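Visitor: I'd like to go over a predicted model; first the sequence, then the structure.
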Protein chains: 4
Amino acid sequence: MSVPDQIRADVDAAKERVAALHAELPRWELVVWTAGNVSERVGDYFVIKPSGVSYDDLDAEAMVVCDLDGNLVEGTRSPSSDTAAHAYVYRHMDHVGGVVHTHSTYAAAWAARGEEIPCVLTMMADEFGGPVPVGPFAIIGDDSIGRGIVETLTNHRSPAVLMANHGPFTIGRDARAAVKAAVLLEEVARAVHISRQLGEPQPIPQDAVDALYARYQNVYGQH
Amino acid sequence: MSVPDQIRADVDAAKERVAALHAELPRWELVVWTAGNVSERVGDYFVIKPSGVSYDDLDAEAMVVCDLDGNLVEGTRSPSSDTAAHAYVYRHMDHVGGVVHTHSTYAAAWAARGEEIPCVLTMMADEFGGPVPVGPFAIIGDDSIGRGIVETLTNHRSPAVLMANHGPFTIGRDARAAVKAAVLLEEVARAVHISRQLGEPQPIPQDAVDALYARYQNVYGQH
Amino acid sequence: MSVPDQIRADVDAAKERVAALHAELPRWELVVWTAGNVSERVGDYFVIKPSGVSYDDLDAEAMVVCDLDGNLVEGTRSPSSDTAAHAYVYRHMDHVGGVVHTHSTYAAAWAARGEEIPCVLTMMADEFGGPVPVGPFAIIGDDSIGRGIVETLTNHRSPAVLMANHGPFTIGRDARAAVKAAVLLEEVARAVHISRQLGEPQPIPQDAVDALYARYQNVYGQH
Amino acid sequence: MSVPDQIRADVDAAKERVAALHAELPRWELVVWTAGNVSERVGDYFVIKPSGVSYDDLDAEAMVVCDLDGNLVEGTRSPSSDTAAHAYVYRHMDHVGGVVHTHSTYAAAWAARGEEIPCVLTMMADEFGGPVPVGPFAIIGDDSIGRGIVETLTNHRSPAVLMANHGPFTIGRDARAAVKAAVLLEEVARAVHISRQLGEPQPIPQDAVDALYARYQNVYGQH
């Protein structure tokens, strides 16, 4: 099995993009060591990070290609151990072109309590359109993580889900949008956490949340 | 419409300054992704960051120029989505030559509670002359953010306002002074937050606040 | 006394590895100033950091070699003041090929309270197989630190121990594995701390902890 | 007035050292913007940072020289606005060869509450020999800051004092030792703060504190 010739150029371009986007994860302090992974869909395939490779060694060459069942199609290393979850999302959410998984610290802290992040900052209303929801506790090894992501995010404005006791997954129309959501998620997870340490943040009225979200999605054309 | 010839050189110099000052925002960890913006007034115009551009690509070339109503006068990209707020400040506060907006984490945390930062550090007395005030909740799309900034900071010593559920805006005689205020604001927002986590900070007597502020403004010639 | 010829090449290779791994300590913010040290076993010897040397000056040349009693065998500087603890571990734990000591902030905070870190994140279950245990209070100068590490970690899944009022020691099959454990330890110490600041994290069921640990150790072949 | 010829070479060497040591302040995140300063004594003079200069521009050339009354002796810029405090320390503490002042965040947080940092980590016992004390509230403009530092640190083991509502000053036999104390101070201020957020750290018995301090000062020859 190999990548069809007619998408060769698109796959190579996606490898460059996905490799460059991986550098955003340590840059914004979303990952330690080799944790975290970014993928991008190209037709019936997706490009993803190999397993257990240092962020220093993540160039386009190192990226691997899988089909939508998560089977390795191209690359000399094993795909990320989170590949099955990425594949499940691509199979079940047609509009998703990029997926990101991290264990970013403040998002993981909310996830360990199984508590959604309330929408108390305009940046949250803009990007997430309301609270960031919690997904079920699911362990690696079958489809349960992917299923939990899809069930939680289907018909939800938020491009981010906090998988309980685990960490966040984010989605987007492409890998860059999903990375952006991962970066903003950690920032709002941190700011709302800090705010609540000394009292209760003021809620934003629902009509203002709706207006901010509508405007932002329109201007920036997300999803 | 275009920039008049007689201020060409001043505008170009301001573009260089404003581009370089944008690098201070990620350097001091005041922004993530493409959030945050710096502007500087030049006559009846101001130089500001374009919308949605990565901090890696923010050179002088990329900066755009607007008139004081916020209309784009020069540049190939859209001005920052916060341009209307900057423009409102320049129209209503003659002594202001620079404006900065960020979502810096600790300042945003105080803003989400709608709580002013008490003046319990000499660094705060020096730069802000007392507590940092909170402005009204206002959503993007009309003049309400700019009006909230101007109403809060008029006749107030502080060059910084925490816009409720949103984040800080800072002003200065030029863009550098406004960036300095944004950097020091986040530092005092963090230090006072941390101090209050384990008890109540000791207030600084008002006469000492006044003496520190008078001396610092005199020495450094702020505002 | 000197390094036997037949392990010369292995010792030199270990010096390169250990020097490079020291750079991971400031990179992941586990150390300040000259604190922290990494060692790796080579036969009846181990390579370790010299005492009191800045991280800027830690190349392979600067590394020193000790025998398993902690005596200096090669190098112009004194070995790390924690050398006796490393040596004790190597003498008493045959499967250990690498040892790391840091004073990383959040791990030290749990250590100052003498409180183990509960296992509430899948990342913890993967790497540590359960809670991270606390070792006894022991002061430098004899074998008491080494003994405390060995007694705590023998027959324990965790490759990390929080020595009370002191800081973490981690072990691994080689220096890289021990550094990885030190990096992940600080990350889970931080995330679990933050989670508990606003409530009680949800425990992970023991069978899920066991399944995660078994799978991860199998895939990555740790220990 | 000018620097005597016989100490020309010593002053020039001190300028190089002090300039290089200023780079440690942002490196270890002890300062923002232009805050913070390092000085080193050379005979009846001391080298110190000029006022209000960016850390990017702090080379040896930029350093200024003052006499022990704080008068500018060499340099084109004004000395740091904290020069009088440095000078007071040098005049009254003969064994001090280096002074550092920062507003490092966690140290400032303890200082805002006017609360000493208890000795609950071996790193604190090593470097500070016990708790880090609080000095009086004193405002800039006369000798009161210098006097507060000297009164607090005289006959005290700690090379660091938390000036109330202000921030830390540290001393050492030379500038490098004072910078080291400033770096370790912020680290223990942070770790002890974090530890106390979730309970009460365990005290270290006084005889263990004494033994750790005696050993560390002997080995590293501090003060």
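Guide: Perfect, thanks for sending it.
Visitor: report whether the lengthiest helix in chain A contacts chain D.
Guide: In chain A, assigned by DSSP state H, the helix with the most residues is helix A:175-197. No - legend: contact between helix A:175-197 and chain D by CB under 8 Å from any CB of the partner chain is lacking; minimum distance shown is 8.9 Å. (C-beta placed from N, C-alpha, C; glycine too.)
Visitor: so that helix, near chain B or not?
Guide: Yes - on the criterion CB under 8 Å from any CB, helix A:175-197 is in touch with chain B at A:180, A:183-184, A:186-187, A:190-192, A:194-195, A:197.
Visitor: what's the spacing between residue A:106 and chain B?
Guide: As judged by CB to the nearest CB, to the nearest Å, residue A:106 and chain B stand 10 Å apart.
Visitor: touching, that residue and residue A:193? I think so.
Guide: Yes - taking contacts as CB atoms under 8 Å, residue A:106 lies within contact range of residue A:193: 5.4 Å.
Visitor: more neighbours: those two, which one.
Guide: Taking neighbours as other CB atoms under 10 Å in any protein chain shown, residue A:106 and residue A:193 compare with residue A:106 leading, 24 against 21.
Visitor: which SSE is immediately downstream of the helix or strand that one falls within?
Guide: Using DSSP states H and E, residue A:106 sits in helix A:105-113. Using DSSP H and E, the next helix or strand after helix A:105-113 towards the C-terminus is helix A:122-128.
Visitor: count the residues that sit near residue A:135.
Guide: Count around residue A:135 with other CB under 10 Å applied: 22.
Visitor: which ones are touching it?
Guide: Neighbour list for residue A:135: A:148-149, A:151-152, A:161-164, A:169 [criterion: CB atoms under 8 Å, 6 or more residues apart in numbering or on different chains].
Visitor: those in strands, which ones?
Guide: Using DSSP state E, the subset of these located in strands is A:161-163, A:169.
Visitor: so which of those residues is the most crowded?
Guide: Neighbour max across these (other CB under 10 Å) = residue A:169, 31 neighbours.
Visitor: partner residues bridging it?
Guide: Going by DSSP bridges, residue A:169 is paired in beta bridges with residue A:101, residue A:161.
Visitor: where do the helices sit along chain A?
Guide: Taking DSSP H as the test, the helices found in chain A are A:8-22, A:24-27, A:83-92, A:105-113, A:122-128, A:144-153, A:175-197, A:206-220.
Visitor: could these go into a markdown table alongside distance to residue C:33?
Guide: As requested, the helices of chain A are exported to a markdown table (distance: least, CB to CB, whole Å):
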| stretch | distance to residue C:33 |
| --- | --- |
| helix A:8-22 | 31 |
| helix A:24-27 | 23 |
| helix A:83-92 | 41 |
| helix A:105-113 | 24 |
| helix A:122-128 | 36 |
| helix A:144-153 | 41 |
| helix A:175-197 | 27 |
| helix A:206-220 | 44 |
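Visitor: for the single nearest residue of chain A relative to chain D, give me its contacts.
Guide: Of all residues in chain A, residue A:197 sits closest to chain D, at 8.9 Å by CB to the nearest CB. By CB under 8 Å, 6+ apart, residue A:197 lies in contact with B:109, B:193, B:197, C:197-198.
Visitor: report the two of those residues separated the most.
Guide: Using CB to CB, those reach their maximum pairwise distance at B:193 and C:198, which is 14.5 Å.
Visitor: hmm, back to that, farthest pair within the contacts of residue A:135?
Guide: Of all pairs drawn from the contacts of residue A:135, the one with the longest distance (CB to CB) is A:151 and A:162, at 13.7 Å.
Visitor: picking that back up, quick one: common contacting residues for residue A:106 and residue A:193?
Guide: The contact lists of residue A:106 and residue A:193 share residue C:194, where a contact means CB under 8 Å, 6+ apart.
Visitor: name the residues of chain A found near chain B, please.
Guide: So far as CB under 8 Å from any CB goes, chain A lies against chain B at A:28, A:120-123, A:180, A:183-184, A:186-187, A:190-192, A:194-195, A:197-202, A:204, A:208, A:211-212, A:215, A:219-220.
Visitor: by mean pLDDT, flag the weakest helix or strand of chain A.
Guide: Averaged element by element with mean pLDDT, DSSP states H and E, chain A has its least confident helix or strand at helix A:206-220 (a mean of 90).
Visitor: ok, the nearest residue to residue A:189 once chain neighbours are set aside - contacts?
Guide: Take residue A:189 and drop its neighbours on the chain: the residue closest to it by CB to CB, 6 or more residues apart in numbering or on different chains is residue A:106, 3.7 Å away. Residues in contact with residue A:106 (CB under 8 Å, 6+ apart) are A:186, A:189-190, A:193, C:191, C:194.
Visitor: let's see if you can find the most crowded of those residues.
Guide: Busiest of the contacts of residue A:106 [other CB under 10 Å] is residue C:191, holding 28 neighbours.
Visitor: number of residues surrounding the spatially closest residue to it that is not a sequence neighbour?
Guide: Nearest non-adjacent residue to residue C:191, counting by CB to CB, 6+ apart: residue A:108, 4.5 Å away. Residue A:108 has 30 neighbours, counted by other CB under 10 Å.
Visitor: which stretches of chain A have low pLDDT?
Guide: Within chain A, the stretches with pLDDT under 70 are A:220-223.
Visitor: my guess is residue A:24 meets residue A:179, correct?
Guide: Yes - using CB under 8 Å, residue A:24 is in contact with residue A:179, at 5.3 Å.
Visitor: tell me which of the two has more neighbours.
Guide: residue A:179 (29 against 20).
Visitor: OK, contacts around that one?
Guide: A:21, A:24-25, A:38, A:98, A:100, A:170, A:172.
Visitor: so which bits of chain A are right by chain C?
Guide: Proximity of chain A to chain C, by CB under 8 Å from any CB, involves residues A:32-33, A:35, A:51-52, A:81, A:103, A:105-106, A:108-115, A:137, A:139-141, A:164-167, A:193, A:196-197.
Visitor: from these, which would you call buried?
Guide: A:32-33, A:35, A:51, A:81, A:103, A:105-106, A:108-115, A:137, A:139-140, A:164-167, A:193, A:196-197 (16 or more other CB atoms under 10 Å in any protein chain shown).
Visitor: without its sequence neighbours, what residue ends up closest to residue A:132?
Guide: Nearest non-adjacent residue to residue A:132 (CB to CB, 6+ apart): residue A:117, at 4.3 Å.
Visitor: now for that neighbour, how many residues are close by?
Guide: Neighbours around residue A:117, by other CB under 10 Å: 27.
Visitor: just residue A:219 next, same as before
Guide: Neighbours of residue A:219 (other CB under 10 Å): 14.
Visitor: excluding chain neighbours, what is closest to it?
Guide: residue B:81 (6.5 Å).
Visitor: contacting residues for that neighbour?
Guide: Per CB under 8 Å, 6+ apart, neighbours of residue B:81: A:219, B:51, B:140.
Visitor: also residue A:29?
Guide: A:104-105, A:186 are the contacts of residue A:29 under CB under 8 Å, 6+ apart.
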